[in-house]
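*Asks:* Just to be clear, the model below is a prediction. Sequence and coordinates:
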Amino acid sequence: MSLSRLQSAVKCNVVKASAMCAAISKPWGPCTTEVSICNYIPRRNITQQNAKPDWNRAVSEAERIVGYPTSFLSLRWVLSDEVANVALHLRKLVGSNHPLLKTAKNLIYNGKNNMQALGLIVLLVSKAAGHSPEIPDMEQDKAAGVLHSQRALAEVTEMIRTSHLVHKGLVNMNTGLRVAGERSDMLFGNKIALLGGDYLLANSCTELANLRNQELVELVSSAIRDLAEAEFLGERDEQNNPLPSRPRPDADLETAIEWDCILEPLPTAGVSGCLSREWVARHVLAAGALLGKSCSAALKLAGHKPSLQTQGYLFGCHLALAWQAFLDLEPFSGPEPASFSLVGAPLAFTLQANPDLYSYIEAGKRSVHHVDYSALYRAVVAGPGIALTRRLQSEHVGRARRVLDAFPRCDATTALTNIIRAMTHDAP
Amino acid sequence: MACLTSSRFCARVQDKLLCQFGHKVRRQTVFVKLKPPGPSPLRIFGKTCQRVTTCGPACGTSGTGIAGVAGAARRLASSLQSTSTGSLPDYGTQIVDPYRLLEDDLNGIYEDIRAELEKNTNQPELNTIATYYFDGQGKALRPMIAILMARAVNYHVYGENSALLASQRQVAMISEMIHSASLIHDDVIDQSDFRRGKPSVNVLWNHKKVAMAGDFILAVASMMIARLRSDDVTLVLSQVVTDLVQGEFMQLGSKETENERFAHYLTKTYRKTASLMANSVKAVALLSGADEATCELAFQYGRNLGLSFQLVDDLLDFVSSAQAMGKPTATDLKLGLATAPVLFACEKYPELNPMIMRRFQEAGDVEKAFELVHKSRGLEQTRFLARKHGVEAARLAADLADSPYQKALVLTTDLVLNRIK
């Protein structure tokens, strides 16, 4: 019954593309044209015939194209005093339950499940777009085809993302749920997490300042602000884990306002209650804004005109959303998982289609662990959520690829295409 | 005798520290360039980022509170002058209360900060947490010093008809924002219960959200810095953030030998407190278009004032009552931190050394250390060191062109030295 309504939601009625006035004023701006799925996403049987562009291969090939691995966990970081300090303190946490250890582990064993390839994407976009001929040779990394400043920016992007993840990994001790013995461990873990995140943030500020481009500093700072805002959007349990808002019928919804100027905060009118809009808003703030703004900033450094910078922003933003949709689908591709994200797209669509399921969510008001994941899993599998999420993903993939098509063909665009393909290929 | 050796020791440490700072300063001033003065007109997507008027509602209660404290400090200041070594210039009857002098400039500064934060979020709870400490109850010391230096340097460079630039007032706001962001994170780290006479943020809200609110304030401050469109100012102010974090890291560790420990303490103090003051007054001097020497003078003034301020703060932690401070006292000891009074005291009472090393963790350590500090001359020596930095700041300020603002800069060193909270 509500399928057609949902489909229009998929087309992101939150925003409509607008003629933009300023440098990069367009929001996540997915316009309403339908993207044909078969255009961009090879069907499963085609997949098997192609040389399989597996994820790790796509990433390592891409890294080769832009020089060396971009991850800031490079030698010079390991050798820095403060990081050694953090590592020392981190060791004291081993054996405690503090989530910082898990965060640290995830940062080091970076599979495809996190956004560690963020800096890589920024560099690939930089290389794909090239740079203005006026930029002196000294500022170029000739072999890799990117500018030194772009490499610094890619590093800043990863630092900001990591800092955010580390700060997100704090434990809320204001709940009374904790047992007394654990308290000092948690306190110490929080201290290290907070300082470690601050350290990365402070370094980002310095690196940004060294780029001596104030428009860029403003843009990237606004992405840090967006990440902070993301942690306040919508309902939360006591550990600040996100919960979806209660789905409301269309008639009750406010009109959504588009994000005209990305230097301003994301408007939240009409987001709560419309779970597809909420999904977009949440993940634009938490992932899309940073990747989009960094891609845009990379093009600014290369001296490209504002319209191309906007394209860069859209590419990053859509890629991040497609990625997110892909991650949201993963728990539903194999055997039933113990838990999954409560704000993933499949569940969002399912809840919107069947608002009665919201009672399961309410059970998680204190802690997301109290939710009956098994019941929700069955509801998602039986409902329209998975199909709609695939559709959502292909739409964002399509938009990202359309931006890419405007760039001249080169190894960097191929690498980006491979990364996108690896992402879609693995999809269930 | 103990006093003599320790002051000698302290001077030695200071020389070492000054060399360190000298090095740091040289590295920073590489970026200083002469810039034409005047506000740079900026339009970002139709919104001008420069505030010209400051006609917010009068900050009534806080204003009188400040005036009261300032009055008390002034009385102290004049009594100090009669007995001082005469290194401070004589104002005669003309004593300039900096807060009154800058009433118009400081008026509404908290409102402006709150408006700036509110403009940058659509999440009501984030807005509530982020604006919590900008309620006008603070001393607004950092904005005051920044504006005072701005006006003094403008007067120095352009004479009587100079005015405060909108960008300089922005720096004043930014300095308070960076300070508050660090306070918010400190509250989560230290789990303090009270600050500025009210429950601290970590008591009231989810710690994850509090941490994010700190990041948010920093991000908004960083956007404001960028909108000033000055590469040098951005570099100078980003140094502050790095220093703050490094200072915090230094606080985690302690050094084995006494000598190292004092240098460690002073460097930490510079990074945690003085860097913000030094670099924000340097930033306003840069914006004014002053030459390199004047910017350096401003920086050194801020550094000395900041060190003096923190030394007095560490002192007050031992002598002031909880009620006057708006936060509990002997907090440093309870947090395991050995500040100047303790470090001085352990010259006379070496039994403090093992306590410092175990960060006052054992039962009775805090009380014992508190008692020994009071029995020693640690507090006196701390005040002496604080005064030394205050006098140095006053000497630097005296080099600026004579103006009410310049006089107020000199007076501020006394205010900082003689404050009671």
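*Replies:* Sure thing, it's come through. Numbering: from 1, shown residues only, chains lettered A, B, ... in the order given.
*Asks:* contacts and neighbour counts: CA atoms only from here.
*Replies:* OK.
*Asks:* Low-confidence regions, chain A specifically.
*Replies:* Residues of chain A meeting the criterion pLDDT under 70: A:1-53, A:68-85, A:94-95, A:105-116, A:176-181, A:425-428.
*Asks:* Contact partners for the residue nearest to the spatial centre of it?
*Replies:* Note on chain A: the residue nearest the mean C-alpha position is A:A287, at 2.7 Å, using C-alpha atoms, centre = their mean. Counting by C-alpha atoms under 8 Å, 6 or more residues apart in numbering or on different chains, A:A287 makes contact with A:L227, A:C317, A:A320, A:L321.
*Asks:* ok, A:D137 - how many residues close by?
*Replies:* A:D137: 10 surrounding residues under other C-alpha atoms under 10 Å in any protein chain shown.
*Asks:* What distance do you get for it to B:Y158?
*Replies:* From A:D137 across to B:Y158, the span is 41 Å (C-alpha to C-alpha, to the nearest Å).
*Asks:* A:V146 now?
*Replies:* In terms of C-alpha to C-alpha, A:V146 sits 45 Å off from B:Y158.
*Asks:* what does B:R377 give?
*Replies:* Applying C-alpha to C-alpha, the value for B:R377 to B:Y158 is 47 Å.
*Asks:* Between these two, tell me which one has more neighbours.
*Replies:* Neighbours were counted for B:R377 and for B:Y158 using other C-alpha under 10 Å; B:R377 has more, 20 against 15.
*Asks:* Dihedrals phi and psi, the more buried one?
*Replies:* Here is the backbone geometry of B:R377 (degrees, to the nearest 10): phi -100, psi 20.
*Asks:* Hmm, it is touching B:A345, no?
*Replies:* Yes - using C-alpha atoms under 8 Å, B:R377 is in contact with B:A345, at 6.5 Å.
*Asks:* the strands in the chain, which residues?
*Replies:* Because you didn't say which chain, this covers chain A. A:140-141, A:146-147, A:235-236, A:242-243 (DSSP state E).
*Asks:* The chain in question should be chain B.
*Replies:* B:43-44, B:47-48, B:194-195, B:198-199.
*Asks:* Any idea which of the ones you listed has the lowest pLDDT on average?
*Replies:* For the strands of chain B, mean pLDDT drops lowest on strand B:43-44, to a mean of 28.
*Asks:* list the buried ones in the longest helix along chain A?
*Replies:* When chain A is parsed with DSSP state H, its longest helix is helix A:183-210. Neighbour counts over helix A:183-210 (16 or more other C-alpha atoms under 10 Å in any protein chain shown) mark A:185-210 as buried.
*Asks:* Now do it: which elements does it pack against?
*Replies:* helix A:81-93, helix A:99-108, helix A:148-168, helix A:214-230, helix B:166-190, helix B:231-252 (3 or more C-alpha pairs under 8 Å, 6 or more residues apart in numbering or on different chains; DSSP states H and E).
*Asks:* Comparing the ones you listed, which stretch has the densest surroundings?
*Replies:* Ranked by mean neighbour count under mean count of other C-alpha atoms under 10 Å in any protein chain shown, the helices and strands packed on helix A:183-210 are led by helix A:214-230, which reaches a mean of 26.
*Asks:* who's in contact with stretch A:214-230?
*Replies:* Residues contacting stretch A:214-230 (C-alpha under 8 Å, 6+ apart): A:160, A:164, A:208-209, A:262-266, A:282-283, A:285-287, A:289-290, A:293-294, A:297, A:300, B:120-121, B:123, B:126, B:212-213, B:215-216, B:219-220, B:222-224, B:226-227, B:229-231.
*Asks:* rerun at 6 Å
*Replies:* For stretch A:214-230, the external contacting residues (C-alpha atoms under 6 Å, 6 or more residues apart in numbering or on different chains) are A:L263, A:L285, A:A286, A:A289, A:L290, A:A297, B:M212, B:F216, B:A219, B:M223, B:A226, B:R229.
*Asks:* Most proximal residue of the stretch 51-200 of chain B with respect to chain A?
*Replies:* Distances between the stretch 51-200 of chain B and chain A by C-alpha to the nearest C-alpha are smallest at B:I189, namely 5.0 Å.
*Asks:* and the closest residue in space to A:T268 that isn't next to it in sequence, what pLDDT?
*Replies:* Leaving aside its sequence neighbours, A:T268 sits nearest to B:N122 (C-alpha to C-alpha, 6 or more residues apart in numbering or on different chains; 6.5 Å). On pLDDT, B:N122 comes in at 95.
*Asks:* Phi first, then psi, for B:N122.
*Replies:* phi -110, psi 10.
*Asks:* Roughly how far does the closest residue to A:A297 other than its chain neighbours sit from B:V241?
*Replies:* Among residues not flanking A:A297 along the chain, A:L216 sits closest, at 5.9 Å (C-alpha to C-alpha, 6+ apart). Using C-alpha to C-alpha, A:L216 is found at 18 Å from B:V241.
*Asks:* what does the stretch 251-400 of chain A have sitting close to chain B?
*Replies:* A:P265 (C-alpha under 6 Å from any C-alpha of the partner chain).
*Asks:* Which residues lie in contact with the residue of the stretch 251-400 of chain A found nearest chain B in this structure?
*Replies:* In the stretch 251-400 of chain A, the residue that lies nearest chain B is A:P265 (5.4 Å; C-alpha to the nearest C-alpha). Listed by C-alpha under 6 Å, 6+ apart, the contact set of A:P265 reads B:N120, B:T121.
*Asks:* go with 10 Å
*Replies:* When contacts are counted by C-alpha atoms under 10 Å, 6 or more residues apart in numbering or on different chains, A:P265 touches A:222-223, A:225-226, A:229, A:259, A:285, B:118-123.
*Asks:* ok, which stretches of the stretch 301-428 of chain A are helices?
*Replies:* Using DSSP state H, counting those that start in this stretch, the helices of the stretch 301-428 of chain A run over A:306-329, A:345-353, A:358-362, A:373-382, A:385-405, A:411-425.
*Asks:* Just send those helices back as a markdown table, with mean neighbour count and distance to A:K142 too.
*Replies:* Shown next, in a markdown table, are the helices of the stretch 301-428 of chain A (neighbours: other C-alpha atoms under 10 Å in any protein chain shown; distance: least, C-alpha to C-alpha, whole Å):
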| stretch | mean neighbour count | distance to A:K142 |
| --- | --- | --- |
| helix A:306-329 | 25 | 22 |
| helix A:345-353 | 26 | 42 |
| helix A:358-362 | 16 | 53 |
| helix A:373-382 | 16 | 50 |
| helix A:385-405 | 22 | 22 |
| helix A:411-425 | 21 | 14 |
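*Asks:* could you dump the ones you listed to CSV with distance to B:R383?
*Replies:* Output for these, formatted as CSV (distance: least, C-alpha to C-alpha, whole Å):
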stretch, distance to B:R383
helix A:306-329, 55
helix A:345-353, 62
helix A:358-362, 58
helix A:373-382, 63
helix A:385-405, 63
helix A:411-425, 63
